[in-house]
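>>> Predicted coordinates and the sequence they were generated for:
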Amino acid sequence: MFDKESITNFLEGIKFFLSLHTPFGSTNTIRLELDEMYIDSSRLIKATVQYLKNEGRDCTFSGEYIGSYPVLKVDGSRYALILNTIGSAATRLSVQQVMLKEI
């Protein structure tokens, strides 16, 4: 049904997904909360880069993506940008949390 290469690629994809969405598999994670909510990913990327530059870090975005995750270069290391929106419909308060995981 499935050949060995297909299964290997599938398992590598799961491993990559879990490394991004769990505290395991990455030694360096940067977390931050921006003041505004962003729907447009290009504006979110620009705001994240500007925030990190204002913090004194060397940060660039070259247009590279891994799947749907933008890849930023921060202080010489590559990070996947993951966006978490945290909020409650009852209180109508939401916060966007940006997590950068080293890859």
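Now that the structure is in, tell me what you want to look at.
>>> per-residue pLDDT, the residue lying closest to Phe2 once chain neighbours are set aside?
Nearest in space to Phe2, with sequence neighbours left out and distances taken as C-beta to C-beta, 6 or more residues apart in numbering, is Phe10 at 7.9 Å. Just so you know, the C-beta spots here come from the backbone N, C-alpha and C atoms, and that holds for glycine as well. Model confidence at Phe10, given as pLDDT, is 79.
>>> Could you give the secondary structure assignment for Phe10?
helix (DSSP: H, G, I helix; E, B strand; the rest coil).
>>> what about the helices in this structure?
4-21, 41-54 (DSSP state H).
>>> Now do the same contact list for Glu64.
Pro70, Val71 (C-beta atoms under 8 Å, 6 or more residues apart in numbering).
>>> let's see 6 Å
The neighbourhood of Glu64, defined by C-beta atoms under 6 Å, 6 or more residues apart in numbering, consists of Val71.
>>> any idea how far it is from Thr29?
19 Å (C-beta to C-beta, to the nearest Å).
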